[in-house]
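>>> Sequence first, predicted coordinates after that:
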Amino acid sequence: MARKAVAIENYPGFEEISGLELIQRFEKHLRKQKIDIERDTVTKIKKIDKNFIVFTESKHRFEAKAVIIASGADPRPLEVSGEKKFIGRGLSYCSVCDGPLFENKNVAVIGGGNAGFEAAIFLSNIAKKIYILEFNPKIGADETNQERVKKTGKVEVITNAALKQIKGNQLPERGEAERRVEMKANSERGKLHRFVNSIIYQDRKTKKNITLPLEGVFVEIGSQPATAFVKGLVNFNEKDEIKIDLRTNQTKIPGLFAAGDITEIKDKQIVIAAGEGAKAALSAYDYLQK
Ligand SMILES: Cc1cc2nc3c(=O)[nH]c(=O)nc-3n(C[C@H](O)[C@H](O)[C@H](O)COP(=O)(O)OP(=O)(O)OC[C@H]3O[C@@H](n4cnc5c(N)ncnc54)[C@H](O)[C@@H]3O)c2cc1C
């Protein structure tokens, strides 16, 4: 997921860096050690006696005494018209990362669960007006978050709303990095409306299509942790995130550790994932010593 972050502004030591460049720097640093890097997709992990066997898509098998899983999670896509076109041009999957670009703008948060409500509370310090669109007739966020949202006086909650389309100006096809630079430059010039300019949702009760003029859309409909290859081996929470001992990062299986967005930790940010990875590595080291 870090790869998709086009302009990271909250990783210590870098005022601004793209996800891709940060990963390349991590890799360059890693290659200074005697560590083999294999590019492959893990399809299964099995525990046989005291060892783990890691199977990959290209039919390789790796045997290890300890394994750290750090396969991350991808935000769930909206799958509506305009989504791909406006990523980084007014559509964001990370309110904490991109919210500051929407000062005094009207924005929508898609998803009325706790994540959506927390995003709206965060955005209420920046944006002019925030709409929360929830597909179901009832809000999923807990009462405390609902109260906090009410107190902002800036948020309108719309239930029974099926998002249909994200609309904006016709734009030439460009890479993600260029889109982000474009978005930022225009935000600074107060011209963000050049990109997303409205959304259309259907009121599921009346079946009417309604247009909301706005300039930013934040997607908060959950994420998909990449856990298929450890199904049946470890425990998961209700979000399909791997349960770990929060002190050592060990899963329920001794010698099998997990770190970052794939786990049940509360905050999903790069600096936190990096710290969790370091914790897991130290725990794996202790495990191997014993
Ligand atoms: C659009 C966007 C912008 C963001 N911006 C920021 C930001 O500005 N600042 C910030 O702090 N956070 C940001 N985040 C959040 C941040 O990217 C994550 O919290 C962080 O990357 C989590 O790190 P991770 O190592 O746990 O997982 P990831 O970075 O997701 O890395 C997991 C890796 O595992 C690989 N993988 C998955 N399955 C398999 C498999 N079966 N076999 C082998 N490899 C596999 C994936 O391809 C990926 O390379 C952003 C997220 C998104 C989506």
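Nice, I can see it.

>>> For the helix ranked longest in the chain, which outside residues touch it?
When every helix of the chain is counted residue by residue (DSSP state H), the longest turns out to be helix 270-289. Outside of helix 270-289, the residues that reach it under the criterion CB atoms under 8 Å, 6 or more residues apart in numbering are 2, 5, 8, 10-12, 19, 22, 65-66, 68, 70, 72, 248-250, 254-255, 257-261, 263, 265. For the C-beta atoms, the positions are set from N, CA and C on the backbone; glycine is no exception.

>>> Export that helix to CSV, keeping only CA atoms.
Extracted as CSV, the C-alpha positions of helix 270-289 are listed here (Å, rounded to 0.1, in the frame of the first residue of the first chain):
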residue,chain,number,x,y,z
ILE,A,270,3.9,3.9,7.5
VAL,A,271,5.8,5.0,10.5
ILE,A,272,3.7,2.6,12.7
ALA,A,273,4.1,-0.3,10.3
ALA,A,274,7.8,0.2,10.2
GLY,A,275,8.0,0.3,14.0
GLU,A,276,5.8,-2.9,14.2
GLY,A,277,8.1,-4.6,11.7
ALA,A,278,11.1,-3.8,13.9
LYS,A,279,9.2,-5.1,16.9
ALA,A,280,8.4,-8.4,15.1
ALA,A,281,12.0,-8.7,13.9
LEU,A,282,13.4,-8.4,17.4
SER,A,283,10.8,-10.9,18.7
ALA,A,284,11.7,-13.4,15.9
TYR,A,285,15.4,-12.9,16.9
ASP,A,286,14.6,-13.7,20.5
TYR,A,287,12.5,-16.7,19.5
LEU,A,288,15.4,-18.1,17.4
GLN,A,289,17.9,-17.5,20.2
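
>>> model confidence over it, on average?
Along helix 270-289, the predicted local confidence has a mean pLDDT of 97.

>>> do it and the ligand meet at all?
Yes: with CB under 6 Å from any ligand atom as the measure, helix 270-289 is seen reaching the ligand through I270, V271, A273.

>>> Quick check, pLDDT for K85.
According to the model's per-residue confidence, K85 sits at a pLDDT of 89.

>>> any idea how far it lies from the ligand?
Distance, K85 to the ligand, using CB to the nearest ligand atom, to the nearest Å: 15 Å.

>>> is it true that that residue lies in a strand?
No: residue state for K85 (DSSP: H, G, I helix; E, B strand; the rest coil) corresponds to helix; a strand is not indicated.

>>> Pull the residues that contact stretch 127-137.
Residues lying outside stretch 127-137 but in contact with it, judged by CB under 8 Å, 6+ apart, are 99, 102-112, 116-117, 120, 123-124, 140, 149, 152, 154-163, 199, 201, 204, 212, 214, 216.
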